[in-house]
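Q: requesting a structural model of the entry that follows:
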Amino acid sequence: MRLFTTIAGLRCYLNLLQTEQQKSLYTIGLVPTMGALHEGHLSLIKRAKEENKITVVSIFVNPLQFAPTEDFQQYPRQLEADKKICEQEGVDVIFAPSPEIMGMENDLSTNAQNSTTTVVPPSHMTSIMCGVSRPKFFQGVATIVTKLLSLVQPNNAYFGQKDAQQLAIIKQLVKDLSLPINIVSCPIIREASGLAISSRNQYLTPEQKQQASILYTSLCHGRQIFLENRDTPNILKKIQNAVKEKLASQPTVKLEYLEIVHPETLQPLENIQNIGLLAIAAYIGSCRLIDNILLRNRQPIIAIDGPAGAGKSTVTKLVGQNLGLLYLDTGAMYRAVTWMVLQAGVPVEDQAQVAELVSQCQISFNGPENSHVIINGQDVTVEIRSREITNNVSAIAAQPTVRYFMVKQQQKFGTKGGIVAEGRDIGTHVFPNAEVKIFLTASVTERSRRRLLELQQKGQTNISLEEVEKDIIRRDKKDSNREISPLRKASDAMEISTDGLSIAEVTQKIVDIYKQNI
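A: Sure thing, here's the model as predicted:
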């Protein structure tokens, strides 16, 4: 692990990495923090480690985001302890600059923001919720995040859902400034009581920590009211009243705000069509705490991952038919893009021109059981099964830009739910909030036997079981070590071994899990 405290050292190191290896062969993940690392930060670091070749953790207590009345001087600073934690977690680089190195005065927000160029987010996103009591806070956050993204130039940057307003603003910033960076939202990590883990929790006494757990209890109560009465008139007002009533049972909690907004735009909601954010800020003594919970008004999503040969495709289709869910045929989406590229006469290796095309295409499904594949208004259901498409789809699907835009389109299908999808990282990356996550697996021997039978049925009889096994093992290693979308089992996925089970039995197992959980 390397520690850099200067911009020059950091940039030199990252530039040398790019010189020694082609940039396309590795990705950089950035985890921006203010130090005092805790389990919440560790979850971000672990996610970054899983998804990137190089993980950079920045540690910087940003004066731009503290008001004169806030705890800038008292904010915990423990670089030596943080270094040990990062080393244990396998972090590659820590960037821990001083305010002076970052081009700002070591002073609070008013003076610091007057002495440096700052980034000003849209006013409608900063004038509500935390922005009411902290008017310069998000300007300070946006400025330091923009600086860090510019310096590190990561492929992915990781932020916690606990700071939901900050997350929405950073996503909007990246979009508005056309920064080629994927902002990854990670779930809130909680103590056993439900209290969201925060660096400021150390300001609380054990008794206050227990009292503070009422925040999450109240949010869960609000969510339950929503789930049971989502079609009731004025339901959002009823949710807010129910949360306030629950909070009132703990008189030491002083409510600052309780809002229901859209989690991406932060616009206040009158009703929830697909998703809403129930957000709260409150004081326990002098300690200010925030928390939130998502209110989803959509049909469930089933995400099925697993290695090649586990029977995912066949089972996923049958699960969709059984439960009346759309089978999101991600393979057909990549085939449709391949057809579009070939129709346009673009060489599959011309990644720039392929990116031009894929960034503007629209894919949909219709027809019986939504089995027809439509790209840019044209039905290509038959055309995408040609040998030419089969021979070229892997080269197209391997391109990062194609992958990026296909995931975005898949996630659009997920906004209304009611889908089942399979792949390598459906539950970890494409639909991390899926209600049901399944990891289908089988022994190498079983998967090889199935594959051999499949090949023999296609007339390929000149291959042995041993050769198929070697191919399966190679495929497993390749899929698990891909730089883009590696095979991963989601931490909350239920694993099903399909050894000795028929397709019908595996399908029924997943249907039963769905009915038990939904």
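Q: does Val468 touch Arg450 like I think?
A: No - Val468 lies out of contact with Arg450 (C-beta atoms under 8 Å); the separation is 9.3 Å. Where C-beta positions appear, they are placed from N, C-alpha and C, glycine not excepted.
Q: who has more neighbours, these two?
A: Val468 (21 against 17; other C-beta atoms under 10 Å).
Q: residue contacts, the more buried one?
A: Contact analysis of Val468 by C-beta atoms under 8 Å, 6 or more residues apart in numbering lists Ser448, Arg451, Leu452, Leu455.
Q: just among those, which is most surrounded?
A: Most crowded among the contacts of Val468, counting by other C-beta under 10 Å, is Ser448 at 22 neighbours.
Q: where exactly do the helices run in the stretch 151-300 of the chain?
A: All helices of the stretch 151-300 of the chain, identified by DSSP state H, counting those that start in this stretch, fall at 164-176, 206-212, 214-229, 235-247.
Q: could I have the last one exported to CSV, CA atoms only?
A: Pointing back at helix 235-247 there. In CSV, the C-alpha atoms belonging to helix 235-247 read as follows (Å, rounded to 0.1, in the frame of the first residue of the first chain):
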residue,chain,number,x,y,z
ILE,A,235,-50.7,8.5,2.0
LEU,A,236,-47.4,10.5,2.2
LYS,A,237,-48.9,12.8,4.8
LYS,A,238,-50.0,9.8,6.8
ILE,A,239,-46.5,8.4,6.6
GLN,A,240,-45.0,11.6,7.9
ASN,A,241,-47.5,11.8,10.8
ALA,A,242,-46.9,8.1,11.7
VAL,A,243,-43.1,8.7,11.8
LYS,A,244,-43.4,11.8,13.9
GLU,A,245,-45.7,10.0,16.3
LYS,A,246,-43.2,7.2,16.7
LEU,A,247,-40.3,9.6,17.2
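Q: against which helices or strands is it packed?
A: When contacts are defined as 3 or more C-beta pairs under 8 Å, 6 or more residues apart in numbering; DSSP states H and E, helix 235-247 sits against helix 214-229, strand 253-261, strand 275-284.
Q: need the contact partners of the second one.
A: By that I understand strand 253-261. Contacts of strand 253-261 (C-beta under 8 Å, 6+ apart): 128-129, 132-133, 211-212, 214-215, 236, 239-240, 243-244, 247, 267-269, 272, 276-284, 288, 295.
Q: 6 Å instead, please
A: Strand 253-261 is contacted from outside by 129, 214, 236, 240, 243, 247, 268-269, 276-283, using C-beta atoms under 6 Å, 6 or more residues apart in numbering.
Q: any idea how far Tyr404 is from Val341?
A: From Tyr404 across to Val341, the span is 16 Å (C-beta to C-beta, to the nearest Å).
Q: between the two, which one's more packed in?
A: Val341 (25 against 15).
Q: for the protein, give me the ranges with low pLDDT.
A: Along the chain, the model assigns pLDDT under 70 to residues 19-25, 69, 71, 106-114, 483-484.
Q: and with 80 instead?
A: 18-26, 67-76, 105-116, 369, 458, 460-461, 481-486, 518 (pLDDT under 80).
Q: strands of the stretch 401-518 of the chain, residue ranges please.
A: 419-423, 436-441, 494-497 (DSSP state E, counting those that start in this stretch).
Q: wait, Gly418 sits on Leu325?
A: Yes - between Gly418 and Leu325 a contact is recorded at 5.5 Å, counting by C-beta atoms under 6 Å.
Q: okay, the two: which has more neighbours?
A: More neighbours surround Leu325 than the other of Gly418 and Leu325, with 21 against 17 (other C-beta under 10 Å).
Q: isn't the more buried one up against Ala421?
A: No - judged on C-beta under 6 Å, Leu325 makes no contact with Ala421 at a distance of 9.5 Å.
Q: and for Ser386, the neighbour number?
A: Applying other C-beta under 10 Å, we find 15 residues neighbouring Ser386.
Q: that one and His372, how far apart?
A: 16 Å.
Q: over to Met494?
A: 32 Å.
Q: one more: Ile183?
A: Per C-beta to C-beta, Ile183 is found 34 Å from His372.
Q: dump the helices of the stretch 151-300 of the chain to CSV, plus distance to Ile518 and mean neighbour count.
A: Shown next, in CSV, are the helices of the stretch 151-300 of the chain (distance: least, C-beta to C-beta, whole Å; neighbours: other C-beta atoms under 10 Å):
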stretch, distance to Ile518, mean neighbour count
helix 164-176, 25, 20
helix 206-212, 31, 16
helix 214-229, 11, 19
helix 235-247, 20, 17
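Q: any chance of those in a markdown table, with distance to Thr330 too?
A: A markdown table is the format used below for the helices of the stretch 151-300 of the chain (distance: least, C-beta to C-beta, whole Å):
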| stretch | distance to Thr330 |
| --- | --- |
| helix 164-176 | 24 |
| helix 206-212 | 42 |
| helix 214-229 | 29 |
| helix 235-247 | 35 |
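Q: how about those helices, which one is nearest Gln74?
A: Gln74 lies closest, by C-beta to C-beta, to one member of the helices of the stretch 151-300 of the chain: helix 206-212, at 16.6 Å.
Q: how many residues are close by the nearest residue to Gly423 once chain neighbours are set aside?
A: What sits nearest to Gly423 in space, not counting adjacent residues and going by C-beta to C-beta, 6 or more residues apart in numbering, is Thr330, at 5.6 Å. By the criterion of other C-beta under 10 Å, Thr330 has 22 neighbours.
Q: how near is Thr330 to Ile389?
A: From Thr330 across to Ile389, the span is 15 Å (C-beta to C-beta).
Q: so what's the closest residue to Asn366 other than its chain neighbours up against?
A: In this structure, Asn366 finds its nearest non-sequential neighbour in His372, 5.3 Å apart by C-beta to C-beta, 6+ apart. With contact set as C-beta under 6 Å, 6+ apart, His372 has these partners: Asn366, Asp379, Thr381.
Q: for His372, give its distance to Thr316.
A: 18 Å.
Q: got it, and Tyr158?
A: Going from Tyr158 to Thr316 by C-beta to C-beta gives 29 Å.
Q: likewise for Gly285?
A: According to C-beta to C-beta, Gly285 stands 51 Å off from Thr316.
Q: neighbour-wise, which of those two wins?
A: More crowded of Gly285 and Thr316, by other C-beta under 10 Å: Thr316, with 27 against 14.
Q: what segments of the stretch 1-150 of the chain are helices?
A: In the stretch 1-150 of the chain, the segments counted as helices under DSSP H, counting those that start in this stretch are 7-20, 39-51, 79-88, 109-114, 123-126, 130-133, 137-152.
Q: for Pro432, find the nearest of those helices.
A: Among the helices of the stretch 1-150 of the chain, the nearest to Pro432 by C-beta to C-beta is helix 39-51 (9.6 Å).
Q: buried residues, that closest one. List them.
A: By 16 or more other C-beta atoms under 10 Å, the buried positions in helix 39-51 come out as Gly40, His41, Leu42, Ser43, Leu44, Ile45, Lys46, Arg47, Ala48, Lys49, Glu51.
Q: what's in contact with that helix?
A: Outside helix 39-51, the residues that touch it by C-beta under 6 Å, 6+ apart are Gly29, Val31, Thr33, Thr55, Glu89, Gly90, Tyr158, Gly160, Cys186, Ile189, Ile197.
Q: what are the bridge partners for the first one, then?
A: Gly29 has these beta-bridge partners by DSSP bridges: Thr55, Asn156.
Q: can you give me the helices for the stretch 401-518 of the chain?
A: Going by DSSP H, counting those that start in this stretch, the stretch 401-518 of the chain shows helices at 444-457, 465-480, 503-517.
Q: off-centre distance for the second one?
A: Right, the one you point to is helix 465-480. 29 Å (C-alpha atoms, centre = their mean, to the nearest Å).
Q: what comes up buried for it?
A: Buried residues in helix 465-480, counting neighbours by 16+ other C-beta under 10 Å, are found at Val468, Glu469, Ile472, Arg475, Asp476, Asp479.
Q: need the contact list for the residue nearest to the second one when sequence neighbours are not counted.
A: Read that as Glu469. Once flanking residues are discounted, Glu469 sits nearest to Ser448: 4.3 Å by C-beta to C-beta, 6+ apart. Contacts for Ser448 (C-beta under 6 Å, 6+ apart) come out as Leu465, Val468, Glu469, Ile472.
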